[in-house]
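S.K.: Show me how the following folds:
(chains A, B and C)
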Amino acid sequence: MAKYAIRRLLALLPVFLVVTVIVFLLIHLVPGDPIDNLMRSGSDPAQRDALSRAYGLDRSLVEQYLAWMGHLVRGDLGTAIVQRRPVAELIGENIGYSLALGGLALAFSAIVGIVAGVTAASFQDRVADRALMSLALVGSTVPSFWLGLLMILFFAVQLGWVPVSGARHWTSVILPATTVGLAGMALVARVTRIAMIETARQDFVTLLHAKGVSRFTIQTRHLLRHALVPVLTLLSLRIGLIVGGSVTVEYVFARPGLGSLLIRAIGQRDYPVIQGSLLMLAIAVMLGTLVGDLLQAAMDPRQREDDRS
Amino acid sequence: MLTVDDLEIGFSTLHPLAGVDFSVARGEILGLVGESGSGKSMTAMSVMGLLPLIGGRVTRGSIRFEGEELTTLDEARYRRLRGGRIALITQNPMTSLDPMVRVGPQIDQGARLHLGLDARAARIRTVELMARMRIPDAARVYDLHPHQLSGGLRQRIVIAMALAGDPELLIADEPTTALDVIVQAQIVQLLVELVRERDLALMLITHDMGLVAQACDRVAVMYSGRIVESGPVAAIFEDPRHPYTRALIGCIPRPGMAEGTLAGIPGTVPSIADLPSGCRFHPRCPMAVAACRDRVPQTVAVAADHGVACLLAGAASGDAP
Amino acid sequence: MIARLVDRLMWRGPRPGIAPIVAGAALLCLVAAAFLSPWIAPWPYDQQMLAEADRAPSLAHWFGTDEFGRDVLSRVLFGARTSLSVALVSISVSCSLGMAIGAICGYVGGPVDRWVMAAIDMTWCFPEILLALLLVAILGPGSTSTVLAIAIAYLAQFTRLTRSQIRALKRETFVEASLCFGAGPAHILLRRLLPNAVAPVVVVAMLTTGDAILLEATLGFFGMGAQPPTPSWGGMMSSGSELLFEAPWVILWPGAAIAASVIAINLFGDGVLVALDVKKRRRTH
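M.R.: Modelled structure (predicted):
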């Protein structure tokens, strides 16, 4: 298992390098002089020179990249143009909110999705199944920002159960997490349902019935365990859905977080902040995928190559 | 011990089984023989009470186990019977075990459910049972996953699983079909030993008349959802009355047989959606007469414990087709 | 993404029934409404009637008015034009580019295939929305960059799909037969392989159009899509969200329009998918 984990981690290295290259190239791809993009135009020449030297803009792209990577591995992501503070600091202030939102959204999509999927599968092709699957379809197609706004109107304004926006109170995370989680939940419910139904057709399940195991135990202990493998695959492949959804929803709910940081920075053309937050979000996707892979291997003995045999 | 009488089952408007009668006694091995599609596995599922699982139900007749009527038994009591007093061995050892669970605990499950053993006692019993199945190094194999075992070993595990609840009746649905020849022989021998040693009743479902001759005491030949001939193995092989039985016996390869003389049966088992009238075998029967098309043959006794459902049963004895 | 595609193929809910037909009809209406908006819209989309700003839905303004007193119904109808055309154009670009690259890579194989695919796969490091944001950060806001951003976000999916189709078809006997008759590679690729690979790619393109509408609306909502005064569904919600409490109908209708069109596309696409049984084809890869 440990060997497998290390192998998976090493496999991520090239992907990580590609991400850093793309993020690094960002300021060079933007039309105009990189220095103008790194600082507001009209600054004094001395500052320009200092910045040029700091970023090594007089050297070749490869050298610049290596220098930038050198800063990166030491945790130096540059300085924000607008706020004039280290980007790493800004990210540090925001990342906790994003992790809380993403984590809760993930938990919501997994738990509610699995429960809905199992329920739909046990009522296959009956009213409950159709209703749940229609809801799942709606859940995965309704724009999350719209849903977020409607939920604000209903739960925060009409009922006054939770704060409208911001992140001052812990209850403020409930609506955003539900909004983000809904799309993932719909997918999880579909996959759980189909996996349960397909597993139920297999011989070993007939034999479980023949052993006198109760229907409930078969559903919850045996079928569900099998359904969890594709669910984990799905979640690890679609972790971007959660990360991307968080970006949108943070903006809707005016919550601090990496997404809000990124959107604001794009509006302000604050490239160091854009680079930093994009990088962090991409890393979140990569790590999420990795964790999903590992969990899946832990669940399914056939996927662990170094299992004793 | 098990008596099935005039069993008919239905899937919506179709009836894959109609008029199935047979019985198995304690200590006896009954071979239930027929081509695929003849309804053997359906019969097994009916006895196990698992028809609802595949969308079917018993529409007529009775299944009695030790005097108790099973067709009307409620689910909770049926569940205690399943895996307890009646156990099933399925066809394909590759798919019959849960791939995500270690094999030992899969065997434990039966003992824990039906004998009320705790985890430790169940484990001890399972390892013993596995050793009895001649699984080498049973204590180690206990902790392996199915994908780490060969087909023969897996089938031994499946048998151990069936025996875990200490059953009295064993239903083995083509237990050797998916295995290679040498392993087949070992598994059959193991089953026969177990029946003798534990005084079980075994219903051995197969399409292989050779296997029947080798292992069974009595045989019931099934065709298109009906028992067409049944009786003691010796009687059936010496004096097969139904043309279908004869054809099946003709399918057994024998040493010294010239190549190409192995008699196949032309045609296929009719689909249950489109059954022929009269005797269901008549379109493929080499001896069919006009009456076969119109009249459904009733089972008649041609000797003690030897019944045949063929209009020509009395007339055509002895000579091979 | 392929993951997305797998989700689709795993979908197979309860039998579709008449849902795809209803959805198809709804799509037709939607396209007609977008096309005919200049004629059927009760008001010009940019006519400001400040005296009637923030009015709730009424007989004069069925969907109400926004903060400048513009008719929301008219803006939703005109917005359909923007949103649908951006989605359609970007998916057409993405799909045709992806098919071209995928077909060539799949047919040629070797180092060209490896390197081009590696470059295309780089886009998979980012979720679609991040990729689109990255591109908008480079190109600046506006309809053109939205089209490009969406096109590039889905490029890898179409390239991969076409490539695998072509690779599977390449091995089939009719290709050998054509080679025996002396057909050139261009002929084989364009006349023999592509026509056979087109159906699944087009179905996926149709399904992806729903995602593209969502993506366009999201960018619009961030204020990075079509710039005012051009109405787009996402843009309307962006300005409407500031008046969420005073005039919720301003965001209600465009959001409902997005949801309805995406659901209709999905239902219709699933129906087509079942009809064509793309799944069967997928197994042959």
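S.K.: Tell me how many other residues surround the nearest residue to A:Thr171 once chain neighbours are set aside.
M.R.: Taking C-beta to C-beta, 6 or more residues apart in numbering or on different chains as the measure, A:Thr171 lies nearest to A:Val162, with 4.7 Å between them; neighbours along the chain are not counted. Backbone N, C-alpha and C define where each C-beta goes, glycine included. For A:Val162, the neighbour count with other C-beta atoms under 10 Å in any protein chain shown is 18.
S.K.: Need phi/psi at C:Leu196.
M.R.: That one is not Leu; residue C:196 is Asn. Dihedral angles phi and psi of C:Asn196 (degrees, to the nearest 10) take the values phi -80, psi -20.
S.K.: Who are the contact partners of A:Met274?
M.R.: Not Met; residue A:274 is Ile. With contacts defined as C-beta atoms under 8 Å, 6 or more residues apart in numbering or on different chains, A:Ile274 is in contact with A:Leu26, A:Leu262, A:Ala265, A:Ile266, C:Ala137.
S.K.: Tell me the confidence at it?
M.R.: The predicted local confidence for A:Ile274 comes out at a pLDDT of 88.
S.K.: wait, is it part of a strand?
M.R.: No - under the criterion used here (DSSP: H, G, I helix; E, B strand; the rest coil), A:Ile274 is helix, not part of a strand.
S.K.: which stretch of helix or strand covers the residue nearest to it when sequence neighbours are not counted?
M.R.: The shortest distance from A:Ile274 to any residue that is not its chain neighbour, by C-beta to C-beta, 6+ apart, is 4.7 Å, and that residue is A:Ala265. A:Ala265 is part of helix A:258-268 when elements are defined by DSSP states H and E.
S.K.: so how far is that helix from its chain's centroid?
M.R.: Averaging C-alpha coordinates over helix A:258-268 and over its chain gives two centres that are 17 Å apart (C-alpha atoms, centre = their mean, to the nearest Å).
S.K.: If you count contacts, what does it end up packed against?
M.R.: helix A:87-122, helix A:239-252, helix A:271-299, helix C:128-139 (3 or more C-beta pairs under 8 Å, 6 or more residues apart in numbering or on different chains; DSSP states H and E).
S.K.: winner for burial among these?
M.R.: The highest mean neighbour count among the helices and strands packed on helix A:258-268 belongs to helix A:239-252 (a mean of 26), with neighbours defined as mean count of other C-beta atoms under 10 Å in any protein chain shown.
S.K.: Please find the angle between the direction vectors of that one and helix A:271-299.
M.R.: What separates the directions of helix A:239-252 and helix A:271-299 is an angle of 140 degrees, with axes from the mean of the first three to the mean of the last three C-alpha atoms, to 10 degrees.
S.K.: contacting residues around residue 88?
M.R.: Using chain A here. Counting by C-beta under 8 Å, 6+ apart, A:Ala88 touches A:Gly75, A:Asp76, A:Leu77, A:Gly276.
S.K.: nope, chain C please
M.R.: C:Leu88 makes contact with C:Thr209, according to C-beta under 8 Å, 6+ apart.
S.K.: for A:Leu223, same thing?
M.R.: Counting by C-beta under 8 Å, 6+ apart, A:Leu223 has contacts A:Ala121, A:Met196, A:Thr199, A:Ala200, A:Val205.
S.K.: what about C:Val198, distance to C:Arg192?
M.R.: Taking C-beta to C-beta, to the nearest Å as the measure, C:Val198 falls 12 Å from C:Arg192.
S.K.: err, A:Ile174, not the other one
M.R.: 57 Å.
S.K.: before we move on, what about B:Met222?
M.R.: Note on B:Met222: its distance to C:Arg192, by C-beta to C-beta, is 52 Å.
S.K.: Repeat that for A:Val247.
M.R.: Computed as C-beta to C-beta, the A:Val247 to C:Arg192 distance reads 44 Å.
S.K.: Which positions in the top helix by length along chain B come out as buried?
M.R.: In chain B, ranked by residue count with DSSP state H as the criterion, the top helix is helix B:181-198. By neighbour count, and taking 16 or more other C-beta atoms under 10 Å in any protein chain shown as the criterion, the buried residues in helix B:181-198 are B:Val183, B:Gln184, B:Gln186, B:Ile187, B:Val188, B:Leu190, B:Leu191, B:Val192, B:Leu194, B:Val195.
S.K.: Give me the mean pLDDT for the helix or strand following that helix.
M.R.: Tracing the chain C-terminally past helix B:181-198 and defining elements by DSSP H and E, one meets strand B:201-206 next. Strand B:201-206 shows a mean pLDDT of 93 in the predicted model.
S.K.: Mind checking if strand B:201-206 is in reach of chain A?
M.R.: No - no part of strand B:201-206 sits near chain A under the criterion C-beta under 8 Å from any C-beta of the partner chain; the closest distance found is 13.2 Å.
S.K.: Can you list the strands that that strand pairs with?
M.R.: Paired neighbours of strand B:201-206 in the sheet (DSSP bridges): strand B:29-33 (parallel), strand B:169-173 (parallel).
S.K.: tilt between the last one and helix B:181-198?
M.R.: Spelled out, that is strand B:169-173. Between strand B:169-173 and helix B:181-198, the angle comes out at 170 degrees (the same axes, to 10 degrees).
S.K.: got it, and the first one?
M.R.: Inter-element angle recorded for strand B:29-33 and helix B:181-198: 140 degrees (by the same axes, to 10 degrees).
S.K.: buried set for the very next helix or strand once past strand B:29-33?
M.R.: Moving toward the C-terminus from strand B:29-33, the first helix or strand encountered (DSSP H and E) is helix B:40-48. By neighbour count, and taking 16+ other C-beta under 10 Å as the criterion, the buried residues in helix B:40-48 are B:Lys40, B:Ser41, B:Met42, B:Thr43, B:Ala44, B:Met45, B:Ser46, B:Val47, B:Met48.
S.K.: Just put these in TSV and tack on distance to A:Gly181.
M.R.: Formatted as TSV, the buried residues of helix B:40-48 follow (distance: C-beta to C-beta, whole Å):
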residue	distance to A:Gly181
B:Lys40	50
B:Ser41	44
B:Met42	45
B:Thr43	49
B:Ala44	46
B:Met45	42
B:Ser46	46
B:Val47	47
B:Met48	42
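S.K.: Those residues: which two are farthest apart?
M.R.: The largest distance within the buried residues of helix B:40-48, taken as C-beta to C-beta, falls between B:Lys40 and B:Met48 and amounts to 13.0 Å.
S.K.: need the contact list for whatever residue of the stretch 51-200 of chain A ends up closest to chain B.
M.R.: For the stretch 51-200 of chain A, the nearest residue to chain B under the criterion C-beta to the nearest C-beta is A:Ala200, separated by 8.6 Å. Contacts were defined as C-beta under 8 Å, 6+ apart; by that measure A:Ala200 touches A:Ala121, A:Leu223.
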